[in-house]
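Participant: Here is a sequence together with a model predicted from it:
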Amino acid sequence: DLADAEDACRLMKKLYDGFLHAAEQDHSEPLMKNTQQVYAGYTYGRDNLVETCQDSDSSRGFLV
């Protein structure tokens with residue numbers, strides 16, 4: 001039913017606007033450094049969630 005999809009779109013728009021407003025006011029430093037960027041939830045595989053990692057770097061992590 002398209003009404004359900006329209007309701008979902010309205011809800012996502014409200015959430016997006018809220019996160020955008022919060023991000024504009026947040027000027028703090030990142031909590032973690034030397035981490036990789038992971039995007040989860042944009043695409044779904046047949047049986048699972050697909051995660052995409054950007055800028056894979058072999059030098060990230062703890063140094064001993």
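Facilitator: In hand now; what should we look at? Numbering: from 1, shown residues only.

Participant: Tell me where the model's unsure across the protein.
Facilitator: 34, 36-45, 49-64 (pLDDT under 70).

Participant: Would you map the helices across it?
Facilitator: 2-25 (DSSP state H).

Participant: ok, residue 18 to residue 25 distance?
Facilitator: Separation of residue 18 from residue 25 (CB to CB, to the nearest Å): 11 Å. Where you see a C-beta, it was placed from the backbone N, CA and C, and this is true even at glycine.

Participant: of those two, who's got more company?
Facilitator: residue 18 (10 against 7; other CB atoms under 10 Å).

Participant: Can you name the residues that contact the more buried one?
Facilitator: Not one residue lies near residue 18 by CB atoms under 8 Å, 6 or more residues apart in numbering.

Participant: Could you check how far it is from residue 31?
Facilitator: From residue 18 to residue 31 the distance is 20 Å (CB to CB).

Participant: what does residue 47 give?
Facilitator: 32 Å.

Participant: again, but for residue 46
Facilitator: 34 Å.

Participant: and what of residue 2?
Facilitator: Taking CB to CB, one finds residue 2 at 40 Å from residue 31.

Participant: Could you do residue 6 as well?
Facilitator: For residue 6, the distance to residue 31 - CB to CB - is 36 Å.

Participant: between these two, who's got more neighbours?
Facilitator: residue 6 (10 against 6).

Participant: Now do the contacts for that one.
Facilitator: Contacts of residue 6 by CB under 8 Å, 6+ apart: none found.

Participant: what about it, distance to residue 21?
Facilitator: Counting by CB to CB - residue 6 and residue 21 are separated by 23 Å.
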